[in-house]
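In: show me how the following folds:
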Amino acid sequence: MLRLRPYKPQDAKYIISWLKDVNVFELWGGKLFGNYPINEDIINNKYYNNNGDCAEPDNFYPFIAFDESGVVGHFIMRYLNGDNKLFRFGWVIVDDTKRDQKYGQEMLKLGLKYAFDVLKADKVNLGVYENNPLALNCYLKAGFHDYEGAPEKFDEVDGEKVKIIELEISKSEYYSD
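Out: Below you'll find the model as predicted:
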């Protein structure tokens, strides 16, 4: 049974071990941490000393997913533009040895439950690179969908311009499933 807990400094080693190459690092959003490779201190500095780059003091929630086998995934959530009813998930990653076992979907569903029930969010969104079909499929299966009016965004991944697909889910959509 998958569970969530707050991130701890010793969890950085798991994330580092899952960032096996520069492509995985960039698809994860790692450029916001600097250049590949990064180390545990870089992650912990961003999370603990820089509040995950969030301006608001109580606006950064890093989580770890775990089960009886140990730590299996990680993601963060934060609210957007001072609106604590609209949350964004980011830095989503799952142990690559656990892929195709629905850990990502379950982790995100637990995160959504926390966002809606505890943090009282109305909507949660996230962005995924168009060239990351495994992640996109995981997010869609967790209940996220494209949303109209999302601004078209691009980023550079592995030296190429890549579209960012914006997805969202509302509280009412989450609970209608």
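In: so what's residue 24 closest to, chain neighbours aside?
Out: Among residues not flanking residue 24 along the chain, residue 18 sits closest, at 7.2 Å (Cβ to Cβ, 6 or more residues apart in numbering). For glycine as for every other residue, the C-beta is placed from the backbone atoms N, C-alpha and C.
In: now do residue 151
Out: Residue nearest to residue 151 in three dimensions, not counting chain neighbours: residue 166, with 7.6 Å by Cβ to Cβ, 6+ apart.
In: likewise residue 125?
Out: Closest residue to residue 125 apart from its sequence neighbours, by Cβ to Cβ, 6+ apart: residue 168 at 4.0 Å.
In: are we agreed that the one you found is in a strand?
Out: Yes - under DSSP: H, G, I helix; E, B strand; the rest coil, residue 168 falls within a strand.
In: so which elements touch the least confident helix or strand in the chain by mean pLDDT?
Out: Every helix and strand of the chain was ranked by mean pLDDT, DSSP states H and E. The lowest is strand 153-157, at a mean of 90. With contacts taken as 3 or more Cβ pairs under 8 Å, 6 or more residues apart in numbering; DSSP states H and E, strand 153-157 sits against helix 22-28, strand 123-129, strand 160-170.
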